[in-house]
Each structure stands twice: as structure tokens, then as C-alpha cells.
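A.B. asks: Sequence first, then the predicted structure, then my questions.
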Amino acid sequence: MLGERIREIRKKKKMTLEELAGEELTKGMLSLIENNKANPSMESLTYIAKRLDVEVTDLLEEISMHELRETLDKAEELFNVDVEKMTDKYKQLILLIEPFVPNLTQGYESARLLDIYSRSLFREKITGWEVLSNKAAKMYDQMNLTAKRASIGIFWAMVKFIEHDYSQSLQILVSERQKIESNHAYIDPMTRVDFDYHEAILHFAVGDSEAAARVMEEGIHFSKEHRIFYRIDDLYRLAAVHAEMTHNKHEKSHYLLKLKQYGEFADDLQSILAHDLFHVLSLISEKREYVNAIEISDKYLASPTTLEIYCHLFRLEKGKALYCLSRFQEAIDCLENVSIPPYIHHPIDLSLLYVKDSYIALSHFELGNVDTALQIASIAVESFNPLPPTPYKDFAKEAQKKINAK
């Protein structure tokens, strides 16, 4: 109620009744207003709002705009914290925003809080997030907030991506992109690049490398033309992976050089790690410099700054190099410590890691453990079954075939 709102804001601003009353109201009258025993005139209400440094509407509304803005600031700060540093951040966001949800009906603050709240519900596997996400999307549309609206469309697509329903994910993304491009007069460059990147990775996910390469190249060209560095490192990594898969050495060298240059220029750890990982891949598959590959892998495995996923990838490459050096038991011991983090969902990333089982199987085979080798080789092939064709999938089948023949 009005009186309670006035008292709440006064106390937040650490003002006494006398300070708020000033010269135009008595302390007694203000006390009656705060206890809802007297209704202020519009003139008095305007005076109180001015003394509190808020809008009159903030006093009349059940939730003030000031309070919503404060809550949104806290929510944004929490939302941007790395989940590894704060594992319960989505629970905290739900607790923070939930009391306001029934009153989030209009304005940017309401839309953004609904957006963050619905994503937090999804992360905590709580039903009902879809309705609230749709509500936020409609509010963004009404305010013509294209980038925020596009972000929700990409989020909906990524929900299916996480479920490994890649075809449905691509369908949602393409549909949302068409809808936004039709209904919004202007698409800002960063949103355009975001769409290109996500569409490219989803085309790769369903095995349509031709469409993926086209969209990816469009994204890179657009980024260069408009001098936008947002997502350029992601696009370079994607291009390098595509070149690796298609055995295009020229393109791979070109994009790895770009990735290295970007990593050094921006001091971007992930770009540097990706470049050096590809270098290790080349040392094993092309140059057969296995000892060198192990030394580089060990350097990154010993570094506390190496990102988790790259620890697994460098460990995998070390295991492959050990296998190639006929150090089979060491290879098994190394590869058995390679695992797939729960946030890895793309078929190409999964393929890179699933191949570890094939190398474990081949190592057992070389040690004479044929039954164990056959069992693990079968697991590898089964893991690859739902994924689109890749050289790694072919390798898993060849490994199983080799062991079967024995």
C-alpha cells in the first residue's frame, strides 16, 4: 500500500520522519500517511516524492521503478558470474527475482528480469520457464529491442542443442532469425554475427558442411567488412575445425595463423590454446613428431591456467602420441583420464573426445587383451552412431573392424 511504500523507501534512504516531513508536512501527518490512516493530496504526494528523490509513480506502484532497477543491477551482476566460480548462481537468481515476477508487466527492467529468471529456471530444470521466456520475448518485440529478442531466439535453439536434438535446434534458429529479420527494421552487426555463428555450428551439427561453410564464410566476411571483432575468434576456430575435417591444409594454415594473431593481439587464452592444440594434432597426424607432441601437451597439462576442456583435449592427444610410440599401457592410463565435461554438446567436439575409446581399444589389442579391446571398440562405435559423419567416426569403425578381424 501507499503508506508502506513511502515508509520502505524512507528507511532505505535512512531518513527520519522529521527529515522527510521537512517544512511542508508535520511529523504527525506523515506518520498517519505511512500507516495508511490518511491519504495525501496530489500536492503532498509530489512533495514527498521530491524529498525521497523518486517519481510519484514509484510511490503509487506496488513495486517502484527504482527498486526494479536495483534488482536488475544485482541480477545482471550475478548472471555474468562464471558458473564455475558460483555453482549456485541460478538458485540465487531465482530467489532474487521470484518475489517480483507477478508484477513484471512492462518496461525494459521487467522484460530483462523475466528473461534472466526464465533462463535460471531452465538451468535448474524447473518447469514453466517457457511461458515466462515467451512473455519476455514479446516485451522485447514491443520495445523493438532487437539484440535482446535475438538472444532469446538463440537461447530457445540452444535448449534443443543441449538435448542433442540438432535438427530441431537448427529449425528453431532459422525460424527465429527469419521472424526477427522480418519484424525488425534494423539488425545490429553484432546480432547478425551472432546469428551467423550459431547457424554455422548447427549446420555442422546436422552434417550439412556445405551450408555451414557458406554461413561461416559470410560471417567472417561481414566481420572483416564492418571491422567487428566480436565472435571472430569463434569463427576462426570453427573454420580451422572445418578445414581439419575436410583435410584442407591451405585453409587450416590460413585460419590457424589468424587465430594465433588474434590470440596474441587480444591476449586471448582460448585462441592461443586452440592454435597450439591444432599444432599438436598436426605433429601427430602429419609430421609424426610424437615426443614433441607429448612435451607440448605436458606443458599445458601442468599449467593451472589451461581451461578444463583443453586439459582433456591435450591429454587425449598425449594418449594418442603414446599409442603411436607403442607405449600402450601408458596410453591406456592417460586416455582413461580423459572425460567429457557436461557442457560439451556439439557433435564435432563429442567426436574429438569419443575417439579416446578407440585408442584405448587399440592399445588393449596390441597388449593382447582382445576381448577387452573388442568390448571398448564397440562402445566407441555406439557412441558415434547418433552423430553425423566425421573422420573420427570413420576411425572408430576401422578400429573395431581391425579388432574384429583378429
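C.D. replies: Yes, it's here. These figures come from a predicted structure and were not determined experimentally.
A.B. asks: for the stretch 101-250 of the chain, what spans make up the helices?
C.D. replies: Remark: helices assigned in the stretch 101-250 of the chain by DSSP state H, counting those that start in this stretch are 107-123, 129-142, 146-162, 166-183, 189-205, 209-225, 232-245, 249-266.
A.B. asks: need those in JSON lines with mean neighbour count, can you?
C.D. replies: Quick note: C-beta positions are derived from backbone N, CA and C, even for glycine. Formatted as JSON lines, the helices of the stretch 101-250 of the chain follow (neighbours: other Cβ atoms under 10 Å):
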{"stretch": "helix 107-123", "mean neighbour count": "21"}
{"stretch": "helix 129-142", "mean neighbour count": "18"}
{"stretch": "helix 146-162", "mean neighbour count": "19"}
{"stretch": "helix 166-183", "mean neighbour count": "17"}
{"stretch": "helix 189-205", "mean neighbour count": "22"}
{"stretch": "helix 209-225", "mean neighbour count": "17"}
{"stretch": "helix 232-245", "mean neighbour count": "22"}
{"stretch": "helix 249-266", "mean neighbour count": "16"}
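A.B. asks: Next, format these as TSV and append distance to P304 and mean pLDDT.
C.D. replies: Formatted as TSV, those follow (distance: least, Cβ to Cβ, whole Å; pLDDT from 0 to 100):
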stretch	distance to P304	mean pLDDT
helix 107-123	27	96
helix 129-142	36	96
helix 146-162	29	97
helix 166-183	34	96
helix 189-205	29	95
helix 209-225	32	93
helix 232-245	22	89
helix 249-266	19	92
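A.B. asks: Compile those helices into CSV and extend it with columns for distance to M65.
C.D. replies: Converted to CSV, the helices of the stretch 101-250 of the chain look like this (distance: least, Cβ to Cβ, whole Å):
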stretch, distance to M65
helix 107-123, 7
helix 129-142, 15
helix 146-162, 18
helix 166-183, 27
helix 189-205, 27
helix 209-225, 37
helix 232-245, 37
helix 249-266, 38
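A.B. asks: Between the ones you listed, which one is closest to L350.
C.D. replies: helix 189-205 (9.9 Å; Cβ to Cβ).
A.B. asks: which other helices and strands contact that closest one?
C.D. replies: Using 3 or more Cβ pairs under 8 Å, 6 or more residues apart in numbering; DSSP states H and E, the elements in contact with helix 189-205 are helix 146-162, helix 166-183, helix 209-225, helix 232-245, helix 347-366.
A.B. asks: how about CSV for those helices, with distance to S253 added?
C.D. replies: Formatted as CSV, the helices and strands packed on helix 189-205 follow (distance: least, Cβ to Cβ, whole Å):
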stretch, distance to S253
helix 146-162, 30
helix 166-183, 29
helix 209-225, 16
helix 232-245, 8
helix 347-366, 19
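A.B. asks: re earlier: determine which of the helices of the stretch 101-250 of the chain approaches D298 most closely.
C.D. replies: helix 249-266 (20.5 Å).
A.B. asks: Any chance you could list what contacts the closest one?
C.D. replies: 229, 232-233, 236-237, 239-240, 242-244, 268-272, 274-275, 278-279 (Cβ atoms under 8 Å, 6 or more residues apart in numbering).
A.B. asks: my guess is K406 contacts E366, does it?
C.D. replies: No: using Cβ atoms under 8 Å, K406 is not in contact with E366, being 10.6 Å away.
A.B. asks: Compare the two (neighbour count), which wins?
C.D. replies: Between K406 and E366, E366 has the larger neighbour count (other Cβ atoms under 10 Å), namely 15 against 9.
A.B. asks: can you pull the pLDDT of the more buried one?
C.D. replies: pLDDT recorded at E366 is 96.
A.B. asks: With F328 as the reference, measure out to it.
C.D. replies: Distance, E366 to F328, using Cβ to Cβ, to the nearest Å: 5 Å.
A.B. asks: With L269 instead?
C.D. replies: Distance from L269 to F328, by Cβ to Cβ: 33 Å.
A.B. asks: ok, these two, which is more surrounded?
C.D. replies: Remark: of L269 and F328, F328 carries more neighbours, 20 against 13, as counted by other Cβ under 10 Å.
A.B. asks: give me every residue that touches that one.
C.D. replies: For F328, counting by Cβ under 8 Å, 6+ apart, the contacting residues are L322, S363, H364, E366, L367.
A.B. asks: quick one: pLDDT of it?
C.D. replies: 98.
A.B. asks: Can you get me a residue count around T16?
C.D. replies: Residues near T16, counting by other Cβ under 10 Å: 10.
A.B. asks: cool, the one 4 residues further on as well?
C.D. replies: Number of residues near L20 (other Cβ under 10 Å) recorded here: 21.
A.B. asks: State the three-state secondary structure for it.
C.D. replies: With DSSP: H, G, I helix; E, B strand; the rest coil as the basis, L20 sits in helix.
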